[in-house]
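**Student:** fold the following.
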Amino acid sequence: MKYKRIMLYKEKIYENRDETKPSIEDNLNALSKEQAEKVAIYLESGHILLSFVSPTIDPFDQKTRLPVVIYTDGVYIWDSIIIHWVKSYRVKLPEEFLAHVSKHQTVPNIDLKALGGITVMGKNLEYLWLES
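**Tutor:** Numbers count the residues shown, from 1 in each chain. Down below sits the predicted model:
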């Protein structure tokens, strides 16, 4: 299964950082407080695919330590940094995703075991996250 990945900004500090992506700096406070709250609740209610033991530093403020958890709703895939950015900075999100949240209101129940448990289509979930 190929998830639609919510990774928008170049501040994400993965190995192959995409410098062509926009900066979070230019996309702060794009959501209203009400909209950010609604989206954060949706994101936090996602199904956990993978949780890492070691926290990471918020790549935007370079201070805040965050857990690294990968979530899905069966269509999209995101991490806990996106949740933090929505709650703290009200970052701009793709209109397609916002429409998806409005349509569904809550994360649908999905059978993660049906996705293959720890692997999906023979791939480790960590690899799936980085590949999405």
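**Student:** please count neighbours and contacts with C-alpha atoms only from this point.
**Tutor:** Will do.
**Student:** what about the helices in the protein?
**Tutor:** Ranges of helices in the chain, per DSSP state H, are 33-44, 80-89, 95-104, 125-131.
**Student:** out of the ones you listed, which gets the lowest mean score?
**Tutor:** Averaged per stretch, pLDDT over the helices of the chain is lowest on helix 125-131, reaching a mean of 52.
**Student:** about what we covered before: single out the most deeply packed of the helices of the chain.
**Tutor:** For the helices of the chain, the largest average neighbour count (mean count of other CA atoms under 10 Å) is found in helix 80-89, namely a mean of 19.
**Student:** quick one: that helix to chain centroid distance?
**Tutor:** For helix 80-89, the separation from the chain centroid amounts to 9 Å (computed by CA atoms, centre = their mean, to the nearest Å).
**Student:** which helices and strands sit right next to that helix?
**Tutor:** For helix 80-89, the helices and strands in contact under the criterion 3 or more CA pairs under 8 Å, 6 or more residues apart in numbering; DSSP states H and E are helix 33-44, strand 69-72.
**Student:** out of those, the one nearest residue 63 is which?
**Tutor:** For these, distance to residue 63 was read as CA to CA. The smallest value, 18.2 Å, belongs to strand 69-72.
**Student:** quickly run through the sheet partners of that closest one, with directions.
**Tutor:** Strand 69-72 pairs in its sheet with strand 47-51 (antiparallel), strand 76-79 (antiparallel), by DSSP bridges.
**Student:** could I get the average pLDDT for it?
**Tutor:** When pLDDT is averaged along strand 69-72, the result is 92.
**Student:** then that strand to PDB, C-alphas only?
**Tutor:** Output of strand 69-72 as PDB, limited to C-alpha atoms (Å, rounded to 0.1, in the frame of the first residue of the first chain):
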ATOM      1  CA  VAL A  69       5.800   8.200  16.100                       C
ATOM      2  CA  ILE A  70       4.500   7.300  12.600                       C
ATOM      3  CA  TYR A  71       0.700   7.400  12.100                       C
ATOM      4  CA  THR A  72      -1.800   6.500   9.400                       C
END
